[in-house]
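Asker: Next comes the sequence, and after it the predicted model I'd like to discuss.
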Amino acid sequence: MNTINILAIESSCDETSAAIIQQGKVLSNHIATQKVHERYGGVVPEMASRAHMQNIIPVVDLAIKDANIAVEDITAVAFTQAPGLIGSLLVGSCFAKSFAQARNLPLIAVHHMQAHVLAHFIDAQPPFPFLCLTVSGGHTQIVLCKDYLDMEILGETIDDAAGEAFDKVAKMLGLPYPGGPLVDKYAQQGDPLKFKFSMSEMKELDFSFSGVKTSILYFLQREKKNDPDFVEKNLVDICASAQYTIISMLMAKLKKAAKLHSINHVGIAGGVSANSGLRTALKEAGEKYGWTTYIPKFEYCTDNAAMIGITGYHKYLKGQFTDLSVSPTARAKWD
């Protein structure tokens, strides 16, 4: 059997990434981040697209060179087809299709959120079935992973994602973008029980984070009327209490899902899985409930091409290729 080398492209939002996956192992994984969005307090889609156009060729070139393979050694090209910012997805998909056509290589379309789940298999081998809580700036889902390419969404957010809630809280507190990691940083120094915020209670395994954002907003408005310096004086405790509330909501549903489906192998994935509070909460739940827990390395939690490549590798083994007529989609249902 010939060696399978997958060139993977990720461009769903504001990070351009390329990786080489050989026989299911990561040979290289490079990410070009975009600092331009910081001044605007959020991702500007048009600027993200332009930055992808500037970054994609250098990043792909670096990934190939760092993997110490030749262009001729590449077996197939995998790329993020959905979901994401349409302009950003277009840059990655057009490059992937052009590269595949020029080299006469198979083309593999990858669902971004499925790739986050399969990021666990870069360094570990969770047994099937296992549960995965995928938490990012745009998605919050509990996924039952039955096989590499057989997944079922058990519950998801009906409004805001957990990552968006963290960023919005940071914005209320006057923290710079991206604010989620800063909330986590300050939370580690504060008292998570100092302030109590309301939690939205949704049916079954779904989430809602719009209510907790409103609760924190009204709380801050009320307190700042009495003391204009309230946020500055209580920043670490506000961050700790807000983070505790969001993580408690996530873990409550995850515990419920594990019990309902009698599963004790549980992981987290997505950008928010880099949050120290969530990682600690999962480990503590694992010790309490007898779970075996899985958390990808930090570099595989945020958007990266390695997770696209590992998904592409398993789709390659199943012969799940696409043709050049495939189009990127901002929103997409799982297969």
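Answerer: Received the coordinates, thanks. Numbering: from 1, shown residues only.

Asker: what's the distance between Thr322 and Lys256?
Answerer: Shown here: Thr322 relative to Lys256, a distance of 36 Å by Cβ to Cβ, to the nearest Å. C-betas here are computed from N, CA, C, even on glycine.

Asker: Buried residues, stretch 222-238. List them.
Answerer: Within stretch 222-238, the residues scored as buried using 16 or more other Cβ atoms under 10 Å are 223, 230-231, 234-238.

Asker: Which member of these is positioned nearest Asp191?
Answerer: Using Cβ to Cβ, Asp237 comes nearest to Asp191 of those, at 5.0 Å.

Asker: contacting residues for that closest one?
Answerer: For Asp237, the contact set (Cβ atoms under 8 Å, 6 or more residues apart in numbering) comprises 190-191, 194-195.

Asker: Present the residues you listed as JSON lines; the columns should include pLDDT and secondary structure.
Answerer: Below are the contacts of Asp237 laid out as JSON lines (pLDDT from 0 to 100; DSSP: H, G, I helix; E, B strand; the rest coil):
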{"residue": "Gly190", "pLDDT": "97", "secondary structure": "coil"}
{"residue": "Asp191", "pLDDT": "98", "secondary structure": "coil"}
{"residue": "Lys194", "pLDDT": "97", "secondary structure": "coil"}
{"residue": "Phe195", "pLDDT": "97", "secondary structure": "coil"}
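
Asker: those strands in the stretch 201-335 of the chain, which residues are they?
Answerer: 265-269, 292-294 (DSSP state E, counting those that start in this stretch).

Asker: Could you dump the ones you listed into a markdown table and include mean neighbour count and distance to Ala19?
Answerer: Listed next are the strands of the stretch 201-335 of the chain as a markdown table, based on neighbours: other Cβ atoms under 10 Å; distance: least, Cβ to Cβ, whole Å:
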| stretch | mean neighbour count | distance to Ala19 |
| --- | --- | --- |
| strand 265-269 | 24 | 16 |
| strand 292-294 | 18 | 20 |
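
Asker: Among the contacts of Asp237, the buried ones, what's the PyMOL command?
Answerer: Per 16+ other Cβ under 10 Å, the buried members of these correspond to this PyMOL selection:
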select buried, resi 190+195
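
Asker: of all the contacts of Asp237, which comes closest to Leu107?
Answerer: Nearest to Leu107 among the contacts of Asp237, counting by Cβ to Cβ, is Gly190 at 48.4 Å.

Asker: give me every residue that touches that closest one.
Answerer: Going by Cβ under 8 Å, 6+ apart, Gly190 touches 235-241.

Asker: In CSV: those residues, plus distance to Ile86 and pLDDT.
Answerer: Shown next, in CSV, are those (distance: Cβ to Cβ, whole Å; pLDDT from 0 to 100):
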residue, distance to Ile86, pLDDT
Leu235, 37, 98
Val236, 39, 98
Asp237, 40, 98
Ile238, 36, 98
Cys239, 33, 98
Ala240, 37, 98
Ser241, 37, 98
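
Asker: of all these, which comes closest to Leu62?
Answerer: Using Cβ to Cβ, Cys239 comes nearest to Leu62 of the contacts of Gly190, at 36.0 Å.

Asker: can I assume that closest one is in contact with Leu173?
Answerer: Yes: with contacts defined as Cβ atoms under 8 Å, Cys239 counts as touching Leu173 at a distance of 7.2 Å.

Asker: ok, these two, which is more surrounded?
Answerer: Shown here are Cys239 and Leu173; by other Cβ atoms under 10 Å, Cys239 has more neighbours (27 against 20).

Asker: Next, the contact list for that one, please.
Answerer: Neighbour list for Cys239: 169, 173, 182-184, 186-187, 190 [criterion: Cβ under 8 Å, 6+ apart].

Asker: before we move on, the earlier item: can you redo the buried residues of stretch 222-238 as JSON lines with distance to Gln81?
Answerer: Below are the buried residues of stretch 222-238 laid out as JSON lines (distance: Cβ to Cβ, whole Å):
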{"residue": "Glu223", "distance to Gln81": "46"}
{"residue": "Phe230", "distance to Gln81": "46"}
{"residue": "Val231", "distance to Gln81": "42"}
{"residue": "Asn234", "distance to Gln81": "45"}
{"residue": "Leu235", "distance to Gln81": "41"}
{"residue": "Val236", "distance to Gln81": "41"}
{"residue": "Asp237", "distance to Gln81": "43"}
{"residue": "Ile238", "distance to Gln81": "39"}
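
Asker: from the residues you listed, which two are the most distant?
Answerer: Glu223 and Val236 (15.0 Å).

Asker: Thr16 in helix, strand or coil?
Answerer: strand (DSSP: H, G, I helix; E, B strand; the rest coil).
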